[in-house]
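A.B. asks: how would this look folded up:
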Amino acid sequence: MRRFYLASIALTVVLFLSKSVVAGSITYNVIDYPDQQDGYHVSGTITTDGTIGALTASNFLSWSLLVTNGSESHLISSADPGPGPQVTVVGDVEATASTLYLPTDVPVDQLNYILILRGGTNRIQWATVNFPPLPDAYFYSGTRPPENRVFWEHVFDIDAPGFIVASAVPEPSSIISLATALALGAGVLRRRQGAAVRSTRD
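C.D. replies: So this is what the prediction gives:
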């Protein structure tokens, strides 16, 4: 009987978690790679429409990315529109409930990438490539003409199945739902155990 109620608690938790995954948008925190950024740091978020699996540009709802090296800062934000597409997606860009990433198993002479622009000028790009003898990944940030500056530009190897761009921000509502599910399940289990003890005494 105890196993049955433990299984019920587990099922309740799964149902609450799965609801949070499929319901609405997902916000991801951008991963900072200081070793690849020539003294710059990246912080901020990217929000998608909640699609799990392969993404296109239309799945990106908003973003706010701060590129800084301590003496200068550049904000790349969806709130600052410009000419042309502000997000470009090429090849295979994947999302899970916890990560936004680019696969590294890229066919020869092809690439996957996300390019995000601010006002048609400042930009940041993540890519995985297969152009022998180049390494696996390409990471870039800079401006378009007329300023035409490069903040950093690196090509490097990744010993992993994917180049992780961002990780999901836990939603307070999903944390509360999980806690509620656990509390309800534990309460049911305690009541059943109490009833079993009383029955044994009788």
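
A.B. asks: tell me the domain boundaries of this protein?
C.D. replies: 1-25+171-202, 31-169 (automatic domain parsing).

A.B. asks: Dump those domains into JSON lines; add mean pLDDT and mean neighbour count as well.
C.D. replies: C-beta coordinates here come from the backbone N, C-alpha and C atoms, glycine included. Shown next, in JSON lines, are the domains of the chain (pLDDT from 0 to 100; neighbours: other Cβ atoms under 10 Å):
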{"stretch": "domain 1-25+171-202", "mean pLDDT": "50", "mean neighbour count": "12"}
{"stretch": "domain 31-169", "mean pLDDT": "92", "mean neighbour count": "16"}
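
A.B. asks: which residues in this structure form helices?
C.D. replies: Remark: helices assigned in the chain by DSSP state H are 2-22, 172-201.

A.B. asks: what sits against residue 134?
C.D. replies: Residue 134 makes contacts with residue 155, as judged by Cβ atoms under 8 Å, 6 or more residues apart in numbering.

A.B. asks: again with residue 84
C.D. replies: 117, 120.

A.B. asks: give me that answer again for 7 Å
C.D. replies: Contacts here follow Cβ atoms under 7 Å, 6 or more residues apart in numbering; on that basis residue 84 touches residue 120.

A.B. asks: same question, the one 4 residues further on
C.D. replies: Applying Cβ under 7 Å, 6+ apart, one finds that residue 88 lies in contact with 57, 115.

A.B. asks: Looking at strand pairing, list the partners for it.
C.D. replies: Note on residue 88: beta-bridge partners by DSSP bridges are residue 115.

A.B. asks: ok, it to residue 63 distance?
C.D. replies: The gap separating residue 88 from residue 63 is 13 Å, by Cβ to Cβ, to the nearest Å.

A.B. asks: go on, residue 151?
C.D. replies: 17 Å.

A.B. asks: Go ahead and confirm residue 41 touches residue 34.
C.D. replies: Yes. If you go by Cβ atoms under 7 Å, residue 41 and residue 34 touch, sitting 6.0 Å apart.
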